[in-house]
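[1] From the sequence below, what's the structure:
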Amino acid sequence: MIKKSPAKRDNITVLSASRVTCLCWIPACAGMTQYCVNEPFGFNAGMVNNIPPPAHDRQEKMRPSLAKNVAPREVWAWAMYDFANSGYTTVVITAIFNAYFVSVVAGNQPWATFAWTAALAVSYAAIMLTAPLIGAYADAYAAKKKLLALTTVGCVTFTALLALAGPDSLWLAIPLIVLSNFFYGSGENLIAAFLPELARGRALGRVSGWGWSLGYVGGLVSLGACLAYVTWAQEQGQQAADFVPVTMLITAALFALASLPVFLFLKERAVPQPHLQGLNLMQESFARLKQTLDHAKNYRDLRRFLACTVFYQAGIQTVITLAAIYAQQAMHFTTQQTITLILVVNITAAIGAFLFGHLQDRIGHVRAIALTLLGWIAVVALAWAAQDAGMFWAAANLAGLCMGASQSAGRALVGLLSPATRRAEFFGLWGLAVKLSSILGPLTYGAVSWISQGDHRLAMLITGSYFVAGLAILAGVNVRRGRLAALRREEP
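    As a prediction, the model looks like this:
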């Protein structure tokens with residue numbers, strides 16, 4: 001966390017350029033650390049920041065993007081957690097277990113897709129109820145890293161236990177999905193809350209993009225390992241009920257191994273916040289949450305962006321949750337074809353996250369997100385109209401580019417609009433918005449497919465309305481005003 005010197009807090013410098021106006025608080029320190037507040041459509045960091053020329057050493061090139069006293073290996077360790085947990089969402093939620101659940105565990109019943117989305121909805125509802133409280137506790141006791149360790153152990157354990165799920169085992173598969181996804185989502189919120197401690201304000205998008213792009217590489221590694229095993233198993237004449245359980249063990253093992261750097265190298269820089277007298281831990285967490293909601297009027301642009309997040313993430317979460325199901329049910333892909341498709345999409349997603357991480361710092365967070373939402377609308381139209389594999393492959397790869405870009409940009413913008421002393425708590429609210437969208441979007445798709453007797457194309461078309469709504473709400477987000485609110489209204 002970068003701390004302000006009280007003597008210099010009101011030292012405001014106004015810098016103007018052809019299409020950017022920044023209000024910067026510049027502390028009297030070597031390195032010119034700056035807090036920048038930008039025009040409504042974001043900022044052009046290169047026009048206003050005194051960035052030292054990059055050195056030839058790779059680590060030195062990273063340092064202008066990092067907060068004071070942050071070592072490059074800490075950022076690598078933080079990004080490695082994205083690498084680690086992406087295997088879970090790629091293999092379990094997106095590519096393999098979801099289609100296995102519908103076709104094998106639920107026996108391809110008409111309600112199978114809805115049952116899958118309902119199970120996830122229960123887990124996301126649990127995350128919604130607990131995320132602000134976990135965030136409040138993490139802020140009050142500087143316990144993000146300890147809680148992250150707990151959620152990691154939980155997700156790894158219940159992912160491994162998914163290997164026990166087979167035909168007609170809904171009674172086992174549903175609780176395991178609920179629990180594994182709950183721990184995954186809670187950990188996702190906690191790791192995101194480290195971002196503002198690691199990156200300078202002008203580089204939040206760039207550093208966030210590093211994490212997202214490495215995360216997609218992690219998804220590739222896990223999915224690639226699973227594909228290798230599935231290919232071998234099918235050559236041996238094994239069926240899905242034989243080889244899918246093993247992929248759950250592979251995914252759990254890679255998650256556990258790749259998450260180790262974050263616990264070895266990442267520092268907990270937050271300091272415990274003043275405690276409320278006479279309250280126990282639960283009461284204090286609720287009290288801090290109530291304070292956050294009471295002060296919400298001071299963060300109007302963050303509130304608006306969270307509302308925008310609910311809608312556009314509803315569309316994204318639908319794609320993540322049901323991609324393999326749509327490929328197999330609407331496009332008649334085999335398991336091997338579906339895994340190959342998701343592998344390639346992860347490559348395009350990694351490229352999208354990395355490139356847009358740099359682009360959004362140049363053109364502005366809001367413009368970057370708006371661009372990706374237009375891309376998502378095109379994805380839905382292509383997937384709905386696709387009658388052959390070629391058009392569907394084009395839609396899927398465009399979705400990969402948009403997914404990496406929109407996820408990275410959203411996380412960075414929340415960090416930019418959040419007050420320093422309540423970062424974990426506001427990231428908890430962001431997580432709440434994402435999880436609400438994870439209920440809304442997939443449940444809508446599942447309900448439409450059930451009511452329409454399996455019309456997955458209609459369900460996909462309706463998904464596009466969420467991106468349109470998100471784009472409309474995003475137009476009212478003013479980054480400059482929101483950043484000022486975050487800097488000037490930091491609660492002690």
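[2] Pull the contacting residues for the nearest residue in space to Trp450 that is not next to it in sequence.
    Leaving out its chain neighbours, the residue that sits closest to Trp450 by Cβ to Cβ, 6 or more residues apart in numbering is Phe114, at 4.5 Å. In short, each C-beta sits where N, CA and C put it, glycine included. Listed by Cβ atoms under 8 Å, 6 or more residues apart in numbering, the contact partners of Phe114 are Leu443, Gly446, Ala447, Ser449, Trp450.
[3] Which stretches in the stretch 351-492 of the chain count as helices?
    Listed in chain order, the helices of the stretch 351-492 of the chain (DSSP state H, counting those that start in this stretch) span 365-385, 389-417, 423-451, 456-474, 479-488.
[4] what about the closest residue to Gln329 other than its chain neighbours, neighbour count?
    In this structure, Gln329 finds its nearest non-sequential neighbour in His456, 5.2 Å apart by Cβ to Cβ, 6+ apart. A total of 22 residues lie near His456 under the criterion other Cβ atoms under 10 Å.
[5] how much space is there between His456 and Trp210?
    Counting by Cβ to Cβ, to the nearest Å, the gap between His456 and Trp210 amounts to 35 Å.
[6] swap in Gly476?
    Taking Cβ to Cβ as the measure, Gly476 and Trp210 are separated by 29 Å.
[7] More neighbours: which of these two?
    Summary of the neighbour comparison: Gly476 and Trp210, criterion other Cβ under 10 Å, with Trp210 having more neighbours (24 against 14).
[8] okay, the spatially most central residue of the chain: pLDDT?
    A centroid search over the chain (Cα atoms, centre = their mean) returns Gln407, at 5.4 Å, as the residue closest to the centre. pLDDT recorded at Gln407 is 70.
[9] any idea whether the residue nearest to it when sequence neighbours are not counted is helix, strand or coil?
    Distances taken as Cβ to Cβ, 6+ apart put Trp212 closest to Gln407, at 5.6 Å, once the chain neighbours are dropped. Using DSSP: H, G, I helix; E, B strand; the rest coil, the three-state assignment for Trp212 comes out as helix.
[10] surely Trp212 meets Ser406?
    No - with contact defined as Cβ atoms under 8 Å, Trp212 does not reach Ser406; the gap is 9.7 Å.
[11] mean confidence for stretch 75-91?
    For stretch 75-91, the mean pLDDT works out to 92.
[12] what residues go with each domain of this structure?
    The chain is divided into the following domains under automatic domain parsing: 6-64, 65-488.
[13] Least confident of these, on average?
    Per-segment confidence across the domains of the chain bottoms out at domain 6-64, which has a mean of 36 in mean pLDDT.
[14] Give me the buried stretch members for the helix or strand harbouring Ile177, please.
    In this assignment (DSSP states H and E), Ile177 forms part of helix 170-192. By neighbour count with 16 or more other Cβ atoms under 10 Å, helix 170-192 contains the buried residues 170, 173-192.
[15] go on, stretch 341-356?
    341-343, 345-356.
[16] And it, how far out from the chain middle?
    With Cα atoms, centre = their mean, to the nearest Å as the basis, stretch 341-356 stands 14 Å off its chain's centre.
[17] next one: stretch 159-176
    If you compare the mean C-alpha spot of stretch 159-176 with that of the full chain, they lie 26 Å apart, counting by Cα atoms, centre = their mean.
[18] now do stretch 349-367
    For stretch 349-367, the gap between its own C-alpha mean and the chain's C-alpha mean amounts to 15 Å (Cα atoms, centre = their mean).
[19] do the same with stretch 207-220
    Using Cα atoms, centre = their mean, we find the averaged C-alpha position of stretch 207-220 to lie 10 Å away from the chain's own average C-alpha position.
[20] Over to stretch 453-473?
    That offset, for stretch 453-473, works out to 20 Å (Cα atoms, centre = their mean).
[21] buried sites along that stretch?
    When neighbours are counted by 16+ other Cβ under 10 Å, the buried residues of stretch 453-473 are found to be 454, 456-457, 459-464, 466-471, 473.
[22] Would you map the strands across the chain?
    Listed in chain order, the strands of the chain (DSSP state E) span 12-16, 21-25, 35-37.
[23] where's the residue nearest to the centre of the chain relative to Ser213, distance?
    Distance from Gln407 to Ser213, by Cβ to Cβ: 10 Å.
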